[in-house]
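Trainee: Okay, sequence plus prediction incoming.
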Amino acid sequence: MVAALAIALLVAGCGGDISDLERYVERTKQRPGGEIEPIPEIPPQETFIYPGNERDPFDRSVIATRVTEEVGPESDVTIDPDRPPEFLEQYPLDSLRMVGTMEQDNVQWALIRTPERNIQRVREGNYMGQNHGRIDQITDTRIAITEIVPDGFGGYQERESSVALTE
């Protein structure tokens with residue numbers, strides 16, 4: 001009953017007198033149109049040529065020369081293409097978690113949890129992460145890793161990284 005009354009009131013409100021709206025629309029249509037101002041002319045910007053800077057600032061040969069001079073002899077980092085990838089190299093380093101350590105036959109092992117929640121054990125000399133990360137040291141609280149990452153100029157550089165024990 002209440003719903004039928006609400007619908008009746010709603011329909012009655014829509015059918016009212018709209019003659020005042022029609023008169024307003026007619027008056028607005030009969031007003032003369034205004035003039036649109038022309039788009040202002042924008043003067044062209046004068047270019048300035050800096051003296052002594054004729055070379056391209058994005059020329060890679062100049063940047064690459066400067067970087068290799070700063071890096072020095074360590075820039076001879078290469079990746080061994082014949083080394084078969086290890087299981088944990090398919091995961092990004094930040095998705096792997098160290099969950100513990102163990103010692104077996106005087107060898108320190110770290111226990112790593114993968115994103116699928118499987119546990120893998122690794123030791124010094126193993127690789128993990130997608131940047132050719134070689135495990136340098138295993139302690140009770142962290143794994144020290146040396147990654148080989150692109151330097152942006154077609155070569156590679158070494159980067160120190162680590163995976164800490166998670167609670």
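Mentor: It's in.

Trainee: pLDDT below threshold where in the protein?
Mentor: Applying pLDDT under 70 to the chain flags the ranges 8-16, 53, 57, 59-75.

Trainee: any idea how far stretch 25-33 is from the chain center?
Mentor: Remark: stretch 25-33 is offset 55 Å from the chain centroid, using CA atoms, centre = their mean, to the nearest Å.

Trainee: which ones are touching residue 103?
Mentor: Going by CB atoms under 8 Å, 6 or more residues apart in numbering, residue 103 touches residue 109. Bear in mind the C-beta positions are built from the backbone N, C-alpha and C, glycine included.

Trainee: Secondary structure class of it, three-state.
Mentor: Here residue 103 is strand, with the state taken from DSSP: H, G, I helix; E, B strand; the rest coil.

Trainee: Is residue 6 part of a helix or strand, or is it coil?
Mentor: With three-state DSSP as the criterion, residue 6 reads helix.

Trainee: typed the wrong thing, it's residue 20
Mentor: Assignment for residue 20 (three-state DSSP): helix.

Trainee: need the helices for the chain, in chain order.
Mentor: Ranges of helices in the chain, per DSSP state H, are 2-14, 19-30, 60-71.

Trainee: Return the distance of residue 41 relative to residue 35.
Mentor: 18 Å (CB to CB, to the nearest Å).

Trainee: Same check on residue 125?
Mentor: According to CB to CB, residue 125 and residue 35 sit 82 Å apart.

Trainee: and if you look at residue 133?
Mentor: 71 Å.

Trainee: So for those two, which residue has more residues nearby?
Mentor: Legend: neighbour count by other CB atoms under 10 Å for residue 133 and residue 35, higher for residue 133 (25 against 6).

Trainee: List the contacts of the more buried one.
Mentor: Residue 133 makes contacts with 89, 93, 127, 145-148, 161, as judged by CB under 8 Å, 6+ apart.

Trainee: With respect to residue 139, which of these is nearest?
Mentor: Proximity of the contacts of residue 133 to residue 139 (CB to CB) peaks at residue 145, which lies at 12.4 Å.

Trainee: isn't that closest one right up against residue 160?
Mentor: Yes - with contact defined as CB atoms under 8 Å, residue 145 reaches residue 160; the gap is 7.5 Å.

Trainee: Please say which of those two ends up with more neighbours.
Mentor: residue 145 (22 against 9).
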